[in-house]
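Peer 1: Here you go, sequence then predicted model.
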Amino acid sequence: MTTAFHEILFPLAVAFGATGGPERRTEIVLLGSGHEERNARWADSRRRYDAGSGVRSIDDLHTVASFFEERRGRLSGFRYRDPVDHRSGAPSATPTSTDQAIGTGDGATAIFQLSKTYGSAHAPWVRRIDKPVAETVRVAVAGVEQTAGADFTVDAATGVVTFQPGAVPANGAAVTAGFLFDVPVRFDTDRLEISLTAFSAGVLPSIPIVEIRL
């Protein structure tokens, strides 16, 4: 069996009780003067989670074990809903068509990649969004919301927005979008340690999950 990505969502009830978040790789060199030189080893962050803290019952354990087996451990990727960061705007806000800038029209380009920008004042970081929730994607051109299907389509497996002929953004027109999205991940272990005795005593299993690059 070869490496694959399964377009299936990790159980939400477990994911929303999990812990984790972004990590970066920074190299720090201490100079003889006492000053530091800091270099970013990664251009983009990578997210890690432990879904063990989201397990609340034996049924949850069974659900996760079944999901793990179908993915063959670390072999196949899947979708994961970050409990804190899964919207184009604030966690409590409904996505709008002007949440995120995803490009500027030139009168010819019909394809745009969904993205989310973090920060604004010093060094904004643009995150590519590869796994949007298709039915939630809203798009606007020059502030005017477009109609899904008639004006544009979105590929939920890649995050690519394609404008239909006749709806291609005009030169200089701002293209914006709002959406819910998932993180492409895999299990970071080929072995689940499950003990009902430990679980009954309040000891949660470790279920490491890590973001993957597509």
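Peer 2: Now that the structure is in, tell me what you want to look at. No experiment lies behind these values; they were computed from the predicted model shown. Numbers count the residues shown, from 1 in each chain.
Peer 1: G119 versus T158, what's the distance?
Peer 2: 25 Å (Cβ to Cβ, to the nearest Å). To be clear about C-beta, it is placed using only N, CA and C from the backbone, and glycine gets the same treatment.
Peer 1: So between those two, which is more surrounded?
Peer 2: T158 (15 against 9; other Cβ atoms under 10 Å).
Peer 1: which stretches of this structure have low pLDDT?
Peer 2: 1-3, 198, 201-204 (pLDDT under 70).
Peer 1: how far is stretch 33-46 from where the chain is centred?
Peer 2: From the chain centre to the centre of stretch 33-46 is a distance of 24 Å (Cα atoms, centre = their mean, to the nearest Å).
Peer 1: residues making contact with it?
Peer 2: Residues outside stretch 33-46 that contact it (Cβ atoms under 8 Å, 6 or more residues apart in numbering) are 22-31, 125, 127, 210-211.
Peer 1: Could you report the neighbour count for V137?
Peer 2: Quick note: V137 (other Cβ under 10 Å) scores 25 neighbours.
Peer 1: Please read the previous query as pertaining to F181.
Peer 2: 25.
Peer 1: Check A157 too.
Peer 2: Neighbours of A157 using other Cβ under 10 Å come to 14.
Peer 1: Ok, G20 next?
Peer 2: G20 has 21 nearby residues by other Cβ under 10 Å.
Peer 1: Look up the closest residue to it, ignoring the ones flanking it.
Peer 2: Setting aside the residues directly before and after it, G20 is nearest to Y49 in space (Cβ to Cβ, 6 or more residues apart in numbering), at 3.1 Å.
Peer 1: same question, R47
Peer 2: E211 (4.2 Å).
Peer 1: out of the contacts of stretch 33-46, who's nearest D182?
Peer 2: E211 (10.6 Å; Cβ to Cβ).
Peer 1: In the sheet, which residues pair with that closest one? Tell me.
Peer 2: V185 (DSSP bridges).
Peer 1: do the same with R138
Peer 2: Here R138 sits in beta bridges with G178, as judged by DSSP bridges.
Peer 1: count of neighbours near it?
Peer 2: 19.
Peer 1: Distance check, it against A173.
Peer 2: 16 Å.
Peer 1: quick one, what contacts the residue nearest to G20?
Peer 2: Y49 touches A15, A18, T19, G20, G21, Y80, D82, V185, P208, I209, V210, counting by Cβ under 8 Å, 6+ apart.
Peer 1: related to what we said a few turns ago, so which of the contacts of stretch 33-46 are in strands?
Peer 2: P22, E23, T26, E27, I28, V29, L30, W125, R127, V210, E211 (DSSP state E).
Peer 1: Looking at those residues, state which has the most neighbours.
Peer 2: E211 (22 neighbours).
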